[in-house]
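K.L.:
Any chance you could fold what I've pasted below:
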Amino acid sequence: MHEQPKQQHIPVKVYRTNERLMVAAPMAGLEPENITVEVSSDSRLILHGDGRGQLKEIKELLIDEWSVGPYHRELVLPVAVNAEHANVSYGNGVLLVTLPISAHTVPAQLTLERITPTHGEHKGNAGHPPASGY
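P.N.:
Modelled structure (predicted):
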């Protein structure tokens, strides 16, 4: 019986400007389609990354001090945000979520579009509501 890998806790940096809340999280070794970001209606940010099977051909693993996913982290956001207009990017093993601050939380589940095998993004109008047309 193959044991499921334990989900790894993700350390985060959370910072803000007057208009945006940003969350950066290291999630090394994933592909963009393995990552989901969700903001729930109760203002929780949920980061999840499914691990990939790597090094399966190795017969004898001599030292194993870190692994590639799976990753999972939930945290309560300090302010209300509009997740429908969020930007999410993944590159160099770091996930960056940019959420526009709003009067009330607008939930959404966000996935990344693959740009390269190790880079992905989700564009939500650069963190701004869409411009009204004429």
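K.L.:
Against which helices or strands is the helix or strand encompassing Arg114 packed?
P.N.:
Applying DSSP states H and E as the criterion places Arg114 in strand 113-116. Counting by 3 or more Cβ pairs under 8 Å, 6 or more residues apart in numbering; DSSP states H and E, the packing neighbours recorded for strand 113-116 are strand 119-122. No exception for glycine: its C-beta is placed from N, CA and C like everyone else's.
K.L.:
Sheet partners, orientation included, of the strand it packs on?
P.N.:
When pairing is defined by DSSP bridges, strand 119-122 lines up against strand 87-91 (antiparallel), strand 113-116 (antiparallel).
K.L.:
Can I get that strand as CSV, trimmed to CA atoms?
P.N.:
Taking C-alpha atoms only, strand 119-122 is exported to CSV below (Å, rounded to 0.1, in the frame of the first residue of the first chain):
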residue,chain,number,x,y,z
HIS,A,119,5.1,29.7,-15.0
GLY,A,120,1.4,30.5,-14.9
GLU,A,121,-1.0,33.4,-14.3
HIS,A,122,-4.6,34.4,-13.7
